[in-house]
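A.B. asks: Requesting a structural model of the entry that follows:
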Amino acid sequence: MTDLQEIARETADETVGIREKAEALLPVLEAGAAEADDHDRFVAENYARLRAAGLVEAGVPVEHGGGGAEVAELAEMLRILARGCGSTALAFAMHTHQVAIPAWRWRHRQVAAMEPLLRRIAAERLILLSSGGSDWIGGSGEARRVEGGYRITARKVFTSGAEAGDILMTGAILEEDGERSVLHFGAPMKAPEVRIEQTWRTLGMRGTGSNDVVIEDLFVADAAVPLKRKAGEWHPLFQIIATIAFPLIYGVYLGVAESARDIAVGLARKRPPSPHALALAGRMETALRAAQIAHGAMLAEVARNDPSEQSVNEVMIGRTLVGENAIRAVELAMELAGGAGFYRAAGLERRFRDVQGARYHPLQAGPQAQYAGAMALGQPVATIY
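C.D. replies: Numbers count the residues shown, from 1 in each chain. Model (predicted):
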């Protein structure tokens, strides 16, 4: 029986939840994580395993053929996967949030237009890509109006999981009548006008395959543009995106920190405890608990089902607290482990590098503090991103 057949067999039981499915994958994810990291190799085989386990469609409502998982369950899935392979979990988080957002809109805003995409994800096990931070509120790329639609030219950086993707959920800037607007659309990754450039050689998260996607003169029909918004300003859809996506993404960094803690404790217990080791372990536990509490607060904000300026503020405060404390917990894990943690074989140094990625997602430290300050002082936040 092949690896994929075994995974499919073990997870076929409908009573098996996504947490159990993620846990079943942990040994194989951990086994291949170091090799992918050492060679800057995209974790393509893990995507095949995620498909076989039924996790690609986990966030699709049951009514449309999926697993029906809510955001908190999806965050726990990613947190577990990250304990085995941070790169797999982070890349998959970009697909997962692109599924969770239309699912949320269908459930809570009764947006029927989400149904066809959700059904396709479940039936075809489509992988959605996010151009994420390279697009964000300001947008990127160029859209030119032509008969029946637009021609798109763009370079989308940090496209995690690009090699495995079917559709890139992205946008481009249209300059028309003196105004700059962002058009949103899905770009088929197999289109001849779309290609991947191998640019991903990084400090950490090396297996995410977050290469550049280059779009050259791709035609997008008018009917394939579901949203047009003003460039450089928050839009209500982006309040939904920010509220839902970041608890999922930062669940990954929390999982990385939790696995680093476990490795460090295992190494430290092999030595007689010293007062210094006890203090390091206590500081590590405290930082990790702060990250866990902050992540819980992010998920509580999602559960309110009321995306707004306020929910963005609360989630982004949580994003900063999870990131800072996850990084600090892993730093302390390195100290607690001592020299043994410096060896690659221990797995700690990879997690130390991977967790640094928590610094770079929106809203980064400066804009996040500015946004929170503006909210506190009753000032506008529409252009803070």
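A.B. asks: For the stretch 51-200 of the chain, which segments count as helices?
C.D. replies: With helices called from DSSP state H, counting those that start in this stretch, the stretch 51-200 of the chain shows them at 71-84, 86-109, 115-124.
A.B. asks: Looking at these, which is nearest to Lys230?
C.D. replies: Proximity to Lys230 (C-beta to C-beta) singles out helix 86-109 among the helices of the stretch 51-200 of the chain, at 19.9 Å. (Each C-beta comes from the backbone N, C-alpha and C, glycine too.)
A.B. asks: okay, the closest one in CSV with CA atoms only?
C.D. replies: Coordinates of the C-alpha atoms in helix 86-109 are reproduced here as CSV (Å, rounded to 0.1, in the frame of the first residue of the first chain):
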residue,chain,number,x,y,z
GLY,A,86,6.3,24.8,9.6
SER,A,87,6.7,25.2,5.8
THR,A,88,3.9,22.8,5.0
ALA,A,89,1.6,24.5,7.5
LEU,A,90,2.4,28.1,6.4
ALA,A,91,1.9,27.4,2.7
PHE,A,92,-1.3,25.5,3.4
ALA,A,93,-2.5,28.3,5.6
MET,A,94,-2.6,30.5,2.5
HIS,A,95,-5.0,28.0,0.8
THR,A,96,-7.0,27.5,4.0
HIS,A,97,-7.8,31.1,4.6
GLN,A,98,-8.8,31.5,0.9
VAL,A,99,-11.3,28.7,1.6
ALA,A,100,-12.4,30.0,5.0
ILE,A,101,-13.3,33.5,3.8
PRO,A,102,-15.9,32.5,1.1
ALA,A,103,-17.2,29.8,3.4
TRP,A,104,-17.7,32.5,6.1
ARG,A,105,-19.4,34.8,3.6
TRP,A,106,-21.7,32.1,2.5
ARG,A,107,-22.6,31.1,6.1
HIS,A,108,-22.8,34.5,7.7
ARG,A,109,-23.6,36.9,4.9
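A.B. asks: Would you agree Arg350 is in contact with Met205?
C.D. replies: No: look at Arg350 against Met205 with C-beta atoms under 8 Å: they stay out of range, at 9.7 Å.
A.B. asks: Check the contact lists of those two and give me the overlap.
C.D. replies: Common contacts of Arg350 and Met205 (C-beta atoms under 8 Å, 6 or more residues apart in numbering): Gly86.
A.B. asks: where in the chain is pLDDT low?
C.D. replies: 1-2, 4-15 (pLDDT under 70).
A.B. asks: What are the structural domain limits within it?
C.D. replies: 3-126, 132-230, 236-376 (automatic domain parsing).
A.B. asks: how about these in TSV, adding mean neighbour count and distance to Thr383?
C.D. replies: As requested, those are arranged in TSV below (neighbours: other C-beta atoms under 10 Å; distance: least, C-beta to C-beta, whole Å):
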stretch	mean neighbour count	distance to Thr383
domain 3-126	20	23
domain 132-230	18	8
domain 236-376	20	10
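A.B. asks: Let me have the ones you listed in JSON lines, extended by distance to Ala382.
C.D. replies: Written out in JSON lines, the entries for the domains of the chain read as follows (distance: least, C-beta to C-beta, whole Å):
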{"stretch": "domain 3-126", "distance to Ala382": "21"}
{"stretch": "domain 132-230", "distance to Ala382": "9"}
{"stretch": "domain 236-376", "distance to Ala382": "9"}
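A.B. asks: So the residue in the chain sticking out farthest from the centre: helix, strand or coil?
C.D. replies: Residue distances from the centre of the chain (C-alpha atoms, centre = their mean) peak at Pro272, which lies 39.5 Å from the mean C-alpha position. Per DSSP: H, G, I helix; E, B strand; the rest coil, the secondary structure class of Pro272 is coil.
A.B. asks: Okay, Ala369 and Trp136: tell me how far apart.
C.D. replies: As judged by C-beta to C-beta, to the nearest Å, Ala369 and Trp136 stand 17 Å apart.
A.B. asks: same question but for Val182, I mixed them up
C.D. replies: Plainly put, Val182 is 10 Å away from Trp136 if you go by C-beta to C-beta.
A.B. asks: pretty sure Leu363 is touching Tyr371, no?
C.D. replies: Yes: the pair Leu363 / Tyr371 is scored as a contact, 6.1 Å apart, by C-beta under 8 Å.
A.B. asks: so what sits against both of the two?
C.D. replies: Counting by C-beta under 8 Å, 6+ apart, the residues touching both Leu363 and Tyr371 are Met316, Tyr385.
A.B. asks: which residues touch the closest residue to Ala154 other than its chain neighbours?
C.D. replies: On the basis of C-beta to C-beta, 6 or more residues apart in numbering, the spatially nearest residue to Ala154 that is not a chain neighbour turns out to be Gly141, at 2.5 Å. Gly141 sits next to Asp135, Ile152, Thr153, Ala154, Arg155, Lys156, Thr170, Gly171, Ala172, Ile173, Ile215 when contact means C-beta under 8 Å, 6+ apart.
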